[in-house]
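Asker: Need a 3D model of the following:
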Amino acid sequence: MSGSTKTMGVLTVGALVLVTAYTAALGSNGWLWFGWVVLGLTTIGVVSSRRT
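Answerer: Predicted coordinates:
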């Protein structure tokens, strides 16, 4: 994996931790989860396109 792909993976995991902490502290926010899903799918797409 290239450096930018690793950075995107780290940001995705970090965003998951932040969204989970926000949800635990203040309650669920659908837009945050939607944003995280979009980020996760984008990361998966980048990783899979770099492997081929």
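
Asker: Output the below-cut-off pLDDT ranges for this protein.
Answerer: For the chain, the stretches with pLDDT under 70 are 1, 52.

Asker: Against which helices or strands is the top helix by length along the chain packed?
Answerer: Secondary structure of the chain per DSSP state H: the longest helix is helix 3-26. In terms of contacts (3 or more C-beta pairs under 8 Å, 6 or more residues apart in numbering; DSSP states H and E), helix 3-26 is packed against helix 30-51. (C-beta placed from N, C-alpha, C; glycine too.)

Asker: The helix it packs on: how far from the chain's middle?
Answerer: Relative to its parent chain, helix 30-51 has a centroid offset of 6 Å by C-alpha atoms, centre = their mean, to the nearest Å.

Asker: go on, stretch 29-37?
Answerer: Its chain's average C-alpha position is 10 Å from that of stretch 29-37, according to C-alpha atoms, centre = their mean.

Asker: Which positions within the longest helix of the chain qualify as buried?
Answerer: If you call a residue buried by 16 or more other C-beta atoms under 10 Å, then helix 3-26 has these buried ones: 8, 9, 12, 15, 19.
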